[in-house]
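Colleague: Provided below are the primary sequence and the corresponding predicted coordinates.
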Amino acid sequence: MSQSPGTAGGAGGAQPSPRRPRLDPLAVRRQLRGEGLRARHSLSQNFLADPDVLQAILDLAAPEPGRRILEVGPGLGILTGGLLDGGAAVTAVELDRNLANRLTRTQSEAIESGALNLVQGDILDQKIAELMVPPYEVVANVPYHITSPILHRFLGAPPRPERLVLMLQREVAERISAAPGEMSYLSVFVQYHATARIVFAVPRDAFEPAPEVESAVVEITPRDPSGDHPRLSPADEDHLWRVVQAGFRERRKKLHNVLSRQLPLTAAEVARILDRVGIDGDRRPQTLSVDEWLSLRAAVGPLDTEVKR
């Protein structure tokens, strides 16, 4: 993604108005063909080609001098340019070597000045602590096939970003922001670590080539560990995810049946635990809130053996 919105002067002392980048599917298609590039399905490559969507992302990201931003998958550099024009210091990680080489040429001045740090490689292989100095934010058109690993990477361990502005598959965006009743393992994981909201939907024709699914831009804000929802210790977090994972192995089954099959607990022990925390055993896992999972983890206590497979 990326290109700068720029400005155009106004007459009579009027405020300059944003100039939309020249961006549309045909222009992007020509650009790819002209440089011998193509979108690679194996890397979930779909290039943003809608100037209004681009501007909306930039407005939400709000780049400004002094702000450090990590961009995952800059692609053609359309979003990268807008972030740089806002004055942000950008670190961009691009897996596709051909696209990384192109960015090296097109953003040579930003690279030479130090405004852009371009890394060719897989974001999942990067040591974030060596790549970014906190505080920093993440802005990305996430490759859809690695959405879950990326969320686990940035939320599951420090240094966590202060905020993430992500383009996701709409179904995944709805899942991570879901309310109890529609929860999943990923919902619980994200909402334990952060607040998540869908900011706006993005149609398929905003990309070149158009993906088979609709997309959405989400804003994810990690929780303050010293706030109302302090993080558990690493050991207790591992325990929490074992319990949550066990529950969602049979997400459409009743809790009292699921937990007695998936955890090293008898049906009588599960019944006592559920009664202790006030959770009806006939409920399904997707109906539990994060706070209820936390209460359930505490009531389950230490698990000496592995979760049943």
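Modeller: Cool, the structure landed.
Colleague: Which strands or helices does the host helix or strand of S187 pack on?
Modeller: Using DSSP states H and E, S187 falls within helix 185-193. Contacts defined by 3 or more C-beta pairs under 8 Å, 6 or more residues apart in numbering; DSSP states H and E place helix 185-193 against helix 147-155, helix 170-176, helix 234-248, helix 290-300. Quick note: C-beta positions are derived from backbone N, CA and C, even for glycine.
Colleague: Now render those as CSV, adding mean pLDDT, distance to N46 and mean neighbour count.
Modeller: Compiled in CSV, the helices and strands packed on helix 185-193 are given as follows (pLDDT from 0 to 100; distance: least, C-beta to C-beta, whole Å; neighbours: other C-beta atoms under 10 Å):
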stretch, mean pLDDT, distance to N46, mean neighbour count
helix 147-155, 96, 13, 18
helix 170-176, 96, 13, 20
helix 234-248, 95, 29, 17
helix 290-300, 96, 32, 18
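Colleague: what about the ones you listed, which gets the closest to A110?
Modeller: helix 147-155 (23.8 Å; C-beta to C-beta).
Colleague: Tell me the buried residues in stretch 133-144?
Modeller: 136-144 (16 or more other C-beta atoms under 10 Å).
Colleague: hmm, back to that, which residues are in contact with the helix holding S187?
Modeller: Helix 185-193 is contacted from outside by 148, 151-152, 155-156, 160, 172, 175-178, 196, 220, 222-223, 229, 231, 240-241, 244-245, 248, 288, 290, 293-294, using C-beta atoms under 8 Å, 6 or more residues apart in numbering.
Colleague: Beyond it, next helix or strand please.
Modeller: Taking DSSP H and E, what comes next after helix 185-193 is strand 194-202.
Colleague: Who does that next one pair with, and is each partner parallel or antiparallel?
Modeller: strand 215-222 (antiparallel) (DSSP bridges).
Colleague: need the helices and strands packed on helix 185-193 in TSV with distance to F47, can you?
Modeller: As requested, the helices and strands packed on helix 185-193 are exported to TSV (distance: least, C-beta to C-beta, whole Å):
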stretch	distance to F47
helix 147-155	18
helix 170-176	18
helix 234-248	34
helix 290-300	36
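Colleague: Low-confidence ranges, the stretch 151-300 of the chain, go.
Modeller: Along the stretch 151-300 of the chain, segments meeting pLDDT under 70 span 227.
Colleague: go again using 80 as the cut-off
Modeller: 208-209, 225-229 (pLDDT under 80).
Colleague: May I have the secondary structure class of the residue nearest to P159 when sequence neighbours are not counted?
Modeller: Nearest residue to P159 in three dimensions, chain neighbours excluded: P134, at 4.7 Å (C-beta to C-beta, 6 or more residues apart in numbering). Classification of P134 by DSSP: H, G, I helix; E, B strand; the rest coil places it in coil.
Colleague: For P134, give its distance to E162.
Modeller: P134 is 8 Å from E162, where distance means C-beta to C-beta, to the nearest Å.
Colleague: Apart from its chain neighbours, what residue comes closest to T147?
Modeller: V172 (5.4 Å).
Colleague: Assess the claim that that neighbour and Y144 are in contact.
Modeller: Yes: in this structure V172 lies within contact range of Y144 using C-beta atoms under 8 Å: 7.4 Å.
Colleague: just checking, what packs against the host helix or strand of I57?
Modeller: Here I57 sits within helix 51-61, counting by DSSP H and E. With contacts defined as 3+ C-beta pairs under 8 Å, 6+ apart, helix 51-61 has these neighbours: helix 78-85, strand 137-141, strand 163-169, strand 194-202, strand 215-222.
Colleague: what's the spacing between that helix and its chain's center?
Modeller: On the basis of C-alpha atoms, centre = their mean, to the nearest Å, helix 51-61 sits 17 Å off its chain's mean C-alpha point.
Colleague: now do stretch 246-257
Modeller: 26 Å.
Colleague: Quote the end-to-end distance of it.
Modeller: 11 Å (C-alpha to C-alpha, to the nearest Å).
Colleague: list the buried ones in that stretch?
Modeller: So for stretch 246-257, counting by 16+ other C-beta under 10 Å, buried means 246-250, 255-256.
Colleague: and what of stretch 223-233?
Modeller: Residues 223, 229, 232 are the ones in stretch 223-233 that count as buried (16+ other C-beta under 10 Å).
Colleague: Widest-spaced pair of the buried residues of stretch 246-257?
Modeller: F248 and H256 (15.2 Å).
Colleague: Alpha carbons only: can I get stretch 191-200 in CSV?
Modeller: Extracted in CSV, the C-alpha atoms of stretch 191-200 (Å, rounded to 0.1, in the frame of the first residue of the first chain):
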residue,chain,number,x,y,z
GLN,A,191,-9.5,-8.8,23.7
TYR,A,192,-7.4,-10.1,26.6
HIS,A,193,-4.5,-8.0,25.3
ALA,A,194,-6.3,-5.1,23.7
THR,A,195,-9.4,-3.3,22.6
ALA,A,196,-10.4,-3.7,19.0
ARG,A,197,-12.8,-1.9,16.8
ILE,A,198,-13.7,-1.9,13.2
VAL,A,199,-13.3,1.6,11.8
PHE,A,200,-14.6,1.1,8.3
